[in-house]
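Q: what's the 3D shape of this:
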Amino acid sequence: MKKLRFKPYTFPIALLFISIIAYGLLIPWMGFYWDDWPFAWIAHTFGPGEFIPAFLPFRPLLGPIFVVTTTFLKENPLAWQIFALLLRFLTGVAVWWSFGKVWPAHKKEVALLSLCFVVFPGYLSQWVAFTHSNQELVSLLSYLLSFGVMALAVQRPKRRLLYLLLSFVLMFVGLYTTEYFFGLELLRPVVLWFMFEDLEPQKRARLVQILRIWAPYLVIWALDAVFLYVYHGSAEYDSYTVQGLSVFQQPLRQLLAQGVQDIVAAIGMAGFAAWTQPFQLLTRPVDITTNLLTIGLVVISFALVAFYLWRLEVPQPDADKQGTSNSVRTPWGFQAILLGVIGILAGRLPSWMAGLPIGLTFSWDRFMLSMMLGGSFFLIGLVDFLLKDDRRKVVVVSLFVALAVGQQFVTANTFRRDWSNQQQFFWQLSWRIPSMAPGTMLTTSELPFVYETDFSLTAPLNWIYSSTDTPHDLQYMLVYTKARLGSSILPSLAAGQITQMTYRTATFNGSTSDMVVFYYSTPGCVEILDPVYSNAETVPGQTYMLTDAIPLSNLSRIRADSQAATLPAALFGSEPAHTWCYYFEKADLARQQGDWNQVAELGEEAAAQGYTATTPAEWLPFIEADARTGKLDDADKLTQLTYQGNADLVPALCMLWARVNGDASVPAGTKGRIPAITAGLKCSP
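A: Below is the predicted model of the structure:
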């Protein structure tokens, strides 16, 4: 064991291993999230070529990347998760290779840098794979490689022109396809300064050489700035507007104070908070299985990373071949800290210009993508500057890496649960709503999903229910009143109000009179709401943004006699076992049709298999069915069970029994027993 050594060429294998345990352990159970849904829907419905016009109002040069990737990966969630993992791994390799060329005398430090970069815990949206692979990771990989190729151009004069041209192309792809990495170009002249520190000790001469090399990069960068400014101000653009320049209209003292505050916040979040946040994992109770697994993963990761780094051979470079000496005048740790600070602030620049906040929670963490190189430089620089013993450096970095792996695993598990909840929701929805009339707006206050919005879920809704030959006419739309009420999409909850929404290259046209209002919480089943059977009294305690919409719920939009919706197995899996929610949804559909016998039979079948309501309100259809079919003892029992489960449902129970009592078709004998059943409810006359 003492003789075991790892050659430098094994480092990419180590990076792949750490990438897999950080991001890959749960990907067989991952799916689509956030903007993944509309992108996957576009690929499925229109084909890859549709991404060109789809991105014209947002990032006009990004569409070709989507065209290429979706041609091969199509709309397979597992394929996208694997692709995103490989890209994340390759960005780590790019950091290792590129900055290894910049600092050939500091291979060990660069290895530590790339390990931290590949698991950077400030960015926790890795599993939004379809979106971030195309929108950022491909561009980031290209941009990182441009640094390494630039270093080759400096070190190998005979092929300088070829390397420079390749570096320009890589830079172009990294900058022009997305604005995320625009600010990172500020790192390039600083990197060149440190590269030339030993080649040209005279600072003035060194500056001239650096400017000569950086000049074409500066031109490309300046042209990108002009392109962004002109395009963002054009009529074609339809996304975030530049707001950062407005801060310069403030008084100088206020401007300086805010500037210092923004700088401290960015460095504090990407340089410190992102790395210290995972330490909270060590404070969680280990009697919970997930927490125990996480701690075990952290311990194993720490042991393996530390052992590997201790045994990693780092060859000393040949100064003549590398074009640089083995010593530098400025300590490497200081160089890394400086690059870290610049990288963090430069990475923050695009989101700051758009007036967008950064954070360590979804979805603001996506802006950490452009700051994670700076954040990684900053951490490794501090470690190298403060700790002189190599073994201590390895221990500290291994601990940070292991905790970051644990943080990514915990986050992955939340994505896994979210995907499972999505699948359950759409299966329940398909059981309750076999088909919908085109132009229907499915409305709720919000859904218990972390990684999706209402607009995201509009895509699978159309994927499941739409059967039109003109897909650019979007047939269905899912709307959160909490997010949209008072906006141009849903100005109010007045009946007959025309609504319209552009969805990439498709358009939805509907009306508030064509809404189907629903409620869904976990645990629980999807509840279709209506003014009679499932009104505001059946969802006590819910926001007015849900209950005020119930009078608009038009159940005639639901077509029970049409061909049932088909859920793609590749997305939603095989139809799950028919447990309680299946019987509830089918019973609620039968209640809508007035088939009380069918409701009662479904209740009996569910009870015979040992299933019971997940929430007290789910007993209501079966209480009414039992009452109307003469099973008063069962109705009484379920009434008491509902009341005991949630006393706030008393108004709903009273309305239910009043409805039964007022129905002329209900036998007089049944009506005679109602007062005894409702006596404990104290219903108003």
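
Q: ok, now which ones touch T547?
A: Applying CB atoms under 8 Å, 6 or more residues apart in numbering to T547 gives the contacts 536, 539. No exception for glycine: its C-beta is placed from N, CA and C like everyone else's.

Q: Return the distance of it relative to T642.
A: Relative to T642, T547 is positioned 19 Å away (CB to CB, to the nearest Å).

Q: Over to Y217?
A: 70 Å.

Q: Also S574?
A: Distance of S574 to T642, computed by CB to CB: 33 Å.

Q: Buried residues in whichever helix or strand A607 is part of, which are they?
A: In this structure, A607 sits in helix 596-608 according to DSSP states H and E. Along helix 596-608, the positions that meet the burial threshold by neighbour count (16 or more other CB atoms under 10 Å) are 596, 598-604, 606.

Q: tell me which of the residues you listed is nearest to S146?
A: If you rank the buried residues of helix 596-608 by distance to S146 using CB to CB, A606 comes first, at 61.7 Å.

Q: sorry, back to before: of S574 and T642, who's got more company?
A: Looking at S574 and T642 with other CB atoms under 10 Å, you find the greater number of neighbours at T642, namely 25 against 8.

Q: Let me see the contact set for that one.
A: The neighbourhood of T642, defined by CB under 8 Å, 6+ apart, consists of 616-617, 619-620, 623, 649, 653.

Q: can you tell me the helix or strand for it?
A: T642 is part of helix 632-645 when elements are defined by DSSP H and E.

Q: Tell me the helices and strands packed up against the next helix or strand after that helix.
A: Per DSSP H and E, helix 632-645 leads on to helix 650-661 as the next helix or strand towards the C-terminus. Counting by 3 or more CB pairs under 8 Å, 6 or more residues apart in numbering; DSSP states H and E, the packing neighbours recorded for helix 650-661 are helix 620-628, helix 632-645, helix 668-678.

Q: Could you identify which of those helices is most buried?
A: For the helices and strands packed on helix 650-661, average neighbour numbers computed from mean count of other CB atoms under 10 Å are highest in helix 620-628, which has a mean of 25.

Q: Which parts of the stretch 251-400 of the chain are helices?
A: Remark: helices assigned in the stretch 251-400 of the chain by DSSP state H, counting those that start in this stretch are 252-267, 274-276, 289-311, 319-322, 332-353, 372-386, 390-432.

Q: closest one to F172 among the ones you listed?
A: Each of these was checked against F172 via CB to CB, and the shortest separation belongs to helix 332-353, namely 16.8 Å.

Q: count of neighbours near Y33?
A: Using other CB under 10 Å, the number of residues around Y33 comes to 26.

Q: Likewise for V264?
A: Neighbours of V264 under the rule other CB under 10 Å: 10.

Q: and the gap between it and N509?
A: In this structure, V264 lies at 48 Å from N509, with CB to CB as the measure.

Q: quick one: low-confidence parts of the stretch 301-450 of the chain?
A: Under the criterion pLDDT under 70, the flagged ranges of the stretch 301-450 of the chain are 316-328.

Q: how about V67, what does it touch?
A: Counting by CB under 8 Å, 6+ apart, V67 has contacts 48-49, 51-52.

Q: Repeat that for P551.
A: For P551, the set of contacting residues under the criterion of CB under 8 Å, 6+ apart consists of 495, 531.

Q: if you set the cut-off to 10 Å instead, what comes out?
A: The neighbours of P551, taking CB atoms under 10 Å, 6 or more residues apart in numbering as the test, are 493, 495, 515, 517, 529-531, 535-536.

Q: quick check, it in a helix?
A: Yes: assessed with DSSP: H, G, I helix; E, B strand; the rest coil, P551 lies in a helix.

Q: so where's this structure shaky on pLDDT?
A: Counting by pLDDT under 70, the chain contains low-confidence ranges at 1-2, 241-249, 316-328.

Q: Could you break it into its assigned domains?
A: In the domain annotation for the chain, the residue ranges read 8-416, 433-576, 577-685 (automatic domain parsing).

Q: Make JSON lines out of those and add distance to Q423.
A: As requested, these are exported to JSON lines (distance: least, CB to CB, whole Å):
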{"stretch": "domain 8-416", "distance to Q423": "7"}
{"stretch": "domain 433-576", "distance to Q423": "5"}
{"stretch": "domain 577-685", "distance to Q423": "12"}
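
Q: Looking at the ones you listed, spot the one closest to W427.
A: Closest approach to W427 among those is made by domain 433-576 (5.8 Å; CB to CB).

Q: how about the closest residue to E313 other than its chain neighbours, what does it touch?
A: Ranked by CB to CB, 6 or more residues apart in numbering and with sequence neighbours excluded, the top spatial neighbour of E313 is R5, at 5.1 Å. For R5, the contacting residues are 310-313, taking CB under 10 Å, 6+ apart as the criterion.

Q: If you rank those by neighbours, which is first?
A: Per-residue neighbour counts (other CB under 10 Å) across those peak at L312, which has 18 neighbours.

Q: how about it, what does it touch?
A: By CB under 10 Å, 6+ apart, the residues touching L312 are 5-8, 10-11, 14, 107-108, 111, 394.

Q: swap the cut-off to 6 Å and go again
A: Taking CB atoms under 6 Å, 6 or more residues apart in numbering, we find L312 in contact with F6.

Q: could we number from 25 for the rest of this?
A: Fine by me, first position is 25 from now on; the one you just mentioned is L336.

Q: CA atoms of the helix or strand harbouring F90 as CSV?
A: Assigned by DSSP H and E, F90 belongs to helix 87-97. What follows is helix 87-97 as a C-alpha-only set of coordinates in CSV (Å, rounded to 0.1, in the frame of the first residue of the first chain):
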residue,chain,number,x,y,z
GLY,A,87,-30.7,27.8,-30.5
PRO,A,88,-28.1,25.9,-32.6
ILE,A,89,-26.8,24.2,-29.4
PHE,A,90,-30.3,22.9,-28.6
VAL,A,91,-30.7,21.8,-32.2
VAL,A,92,-27.6,19.6,-32.1
THR,A,93,-28.2,18.1,-28.6
THR,A,94,-31.9,17.4,-29.0
THR,A,95,-31.3,15.7,-32.4
PHE,A,96,-29.5,13.0,-30.4
LEU,A,97,-31.0,13.0,-26.9
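
Q: how about the helix or strand just after that helix: buried residues?
A: On the C-terminal side of helix 87-97, the nearest following helix or strand under DSSP H and E is helix 101-126. Within helix 101-126, the residues that qualify as buried are 101, 104-109, 111-126, counting by 16+ other CB under 10 Å.

Q: T95 is in contact with P72, isn't it?
A: Yes: here T95 lies in contact with P72, judged by CB atoms under 6 Å, at a distance of 4.9 Å.

Q: of those two, who's got more company?
A: Neighbour totals were compared for T95 and P72, and P72 leads with 19 against 12 (other CB under 10 Å).

Q: phi, psi of the more buried one?
A: Main-chain torsions, P72, degrees, to the nearest 10: phi -60, psi -30.

Q: Could you check how far it is from P128?
A: Distance from P72 to P128, by CB to CB: 41 Å.

Q: Can you name the residues that contact the nearest residue to V434 once chain neighbours are set aside?
A: Nearest-residue entry for V434: T318, 5.6 Å, with adjacent residues in sequence omitted and distances by CB to CB, 6+ apart. Shown here is T318, whose contacts under the criterion CB under 6 Å, 6+ apart are 305, 430, 433-434.

Q: would you list those residues in CSV and tack on distance to S163 and neighbour count?
A: Written out in CSV, the entries for these read as follows (distance: CB to CB, whole Å; neighbours: other CB atoms under 10 Å):
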residue, distance to S163, neighbour count
L305, 31, 19
G430, 28, 29
F433, 26, 21
V434, 28, 19
